[in-house]
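> mind folding the following:
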Amino acid sequence: GRRADYGFVDFVEAEIRRRREEDIGYYIRDIWIDPRDVAEEGHLATALGEIRALQATKQARAGAPEGAGSST
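The predicted structure is shown next:
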């Protein structure tokens with residue numbers, strides 16, 4: 001008997017799905033933002049803020065104007 005070529009049907013359906021995604025604009029579908037990375041960035045920002053506060057306190061105690069000696 002006859003056998004159906006389901007591979008061709010699968011190919012056509014995959015092509016239709018691909019074109020629909022392009023038409024809709026689903027180009028960035030597989031992006032994952034790891035919450036641990038976000039938390040780490042937050043900790044770094046907090047640490048930098050604390051370092052700047054300590055530098056400002058040290059400069060104030062030394063009588064130096066604010067911003068003197070800072071490379072940023």
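> can you give me the helices in the protein?
Assigned by DSSP state H, the helices in the chain fall at 6-24, 35-62.
> could you give me the average pLDDT of the last one?
Spelled out, it's helix 35-62. Averaging the model's pLDDT scores along helix 35-62 yields 82.
> which strands and helices sit next to it?
For helix 35-62, there is no helix or strand it packs on, judged by 3 or more CB pairs under 8 Å, 6 or more residues apart in numbering; DSSP states H and E. From N, CA and C alone the C-beta is placed, and that goes for glycine too.
> save the helices of the chain as TSV, and put in mean neighbour count too.
Formatted as TSV, the entries for the helices of the chain read as follows, by neighbours: other CB atoms under 10 Å:
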stretch	mean neighbour count
helix 6-24	10
helix 35-62	10
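> so what's Arg3 scoring on pLDDT?
According to the model, Arg3 carries a pLDDT of 66.
> cool, and Arg19?
So Arg19 comes in at 76 (pLDDT).
> contact partners for it?
Applying CB atoms under 8 Å, 6 or more residues apart in numbering, we find Arg19 in contact with no residue.
> run a quick neighbour tally on Asp34.
Asp34 is flanked by 8 other residues according to other CB atoms under 10 Å.
> look up how far Val9 lies from it.
38 Å (CB to CB, to the nearest Å).
> then Arg52?
According to CB to CB, Arg52 stands 63 Å off from Val9.
> Glu40 too?
Computed with CB to CB, the distance linking Glu40 and Val9 is 47 Å.
> before we move on, what about Asp37?
Distance of Asp37 to Val9, given as CB to CB: 42 Å.
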